[in-house]
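Trainee: give the three-dimensional model of this entry:
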Amino acid sequence: MNRGRGENGLRWIADAYNVSFTFTLSEGLSPEELLRAVGAEERHILPLTRFAAYELLVRDEDGHLSDLDFLDWEDEAEVARLTSAGFLPAPPETIVRAGSVAGWAYALEEFGCHTGPYIAALSERGRAFVVHRNAKGFSRVDHGLHGKAVTSFEPGLSDLTDAVPAEEALGFVHDGPGAGDVAFLRFLEDELGIYLPYEETEAELPAAAITDTGRE
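Mentor: Residues are numbered from 1 along each chain as shown. All right, here's what the predicted structure looks like:
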């Protein structure tokens, strides 16, 4: 997978999260501020790798903690921390992990789309984008600016747009071959000049367990 700057600065996300994903960008926020903006409490934010988050999401609630490869199940303090923060004992509905890149906070979700409804709060200090693809292959982009939701659309389907059309709001048009979410990630690469290292997103990032939203 080519992850070179300018060639694949963001669009690798659609390959690495090939079942479903939500990618969020919020201008001017820190990772912790992004998580708080979507409802997480500071005391419940813990560092997790992508692998750990995935294991927590797909675990059998009736299974033993020893089934979690990332966790020493005999470490009572760590088990208590994860439990207090909502990651255990029941699997969260989604986990939002957040980091920072070039003046932006970003977030990744493996399955859900918890951040989308918070687009206004996420754009409090500038621009915000939420790119989501569900397990059925349908994609959606939300865009906010200075604390207001501007537009929500399915890339390439102009009749499935709420509020301002994407072309008018962002100058984005997708009428060619290929997935619409990949096209929009490429658009963000070109417009914002952001390169997000794959390895960084796999490592530990501040994370919040979400239990009040459904998976798609």
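Trainee: show me where pLDDT drops low in this protein?
Mentor: 1-7, 156-167, 174-178, 212-216 (pLDDT under 70).
Trainee: the longest helix in it is where?
Mentor: Longest helix in the chain, counting residues (DSSP state H): helix 180-192.
Trainee: check what contacts it and list those residues.
Mentor: 6, 9-11, 13-14, 23, 25, 102, 104, 129, 131-133, 139, 141, 154-157, 170, 172, 174, 176, 194-195 (Cβ atoms under 8 Å, 6 or more residues apart in numbering). Bear in mind the C-beta positions are built from the backbone N, C-alpha and C, glycine included.
Trainee: what do you get if the cut-off is 7 Å, keeping everything else the same?
Mentor: 9-11, 13-14, 129, 131, 133, 139, 141, 154-156, 172, 174, 194 (Cβ atoms under 7 Å, 6 or more residues apart in numbering).
Trainee: in this structure F153 contacts V141, no?
Mentor: Yes - with contact defined as Cβ atoms under 7 Å, F153 reaches V141; the gap is 5.7 Å.
Trainee: ok now the longest helix of the chain, how far from the chain's centre?
Mentor: Chain-centre distance of helix 180-192: 15 Å, with Cα atoms, centre = their mean, to the nearest Å.
Trainee: dump it to PDB, restricted to CA.
Mentor: Only the C-alpha atoms of helix 180-192 are listed here, as PDB (Å, rounded to 0.1, in the frame of the first residue of the first chain):
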ATOM      1  CA  GLY A 180     -17.200   8.500  -3.600                       C
ATOM      2  CA  ASP A 181     -15.600   8.300  -0.200                       C
ATOM      3  CA  VAL A 182     -12.200   7.700  -1.700                       C
ATOM      4  CA  ALA A 183     -12.700  10.600  -4.100                       C
ATOM      5  CA  PHE A 184     -13.500  12.900  -1.200                       C
ATOM      6  CA  LEU A 185     -10.500  11.700   0.800                       C
ATOM      7  CA  ARG A 186      -8.400  12.600  -2.200                       C
ATOM      8  CA  PHE A 187     -10.100  16.000  -2.400                       C
ATOM      9  CA  LEU A 188      -9.200  16.600   1.300                       C
ATOM     10  CA  GLU A 189      -5.600  15.600   0.500                       C
ATOM     11  CA  ASP A 190      -5.400  18.200  -2.300                       C
ATOM     12  CA  GLU A 191      -7.300  21.000  -0.500                       C
ATOM     13  CA  LEU A 192      -5.700  20.700   3.000                       C
END
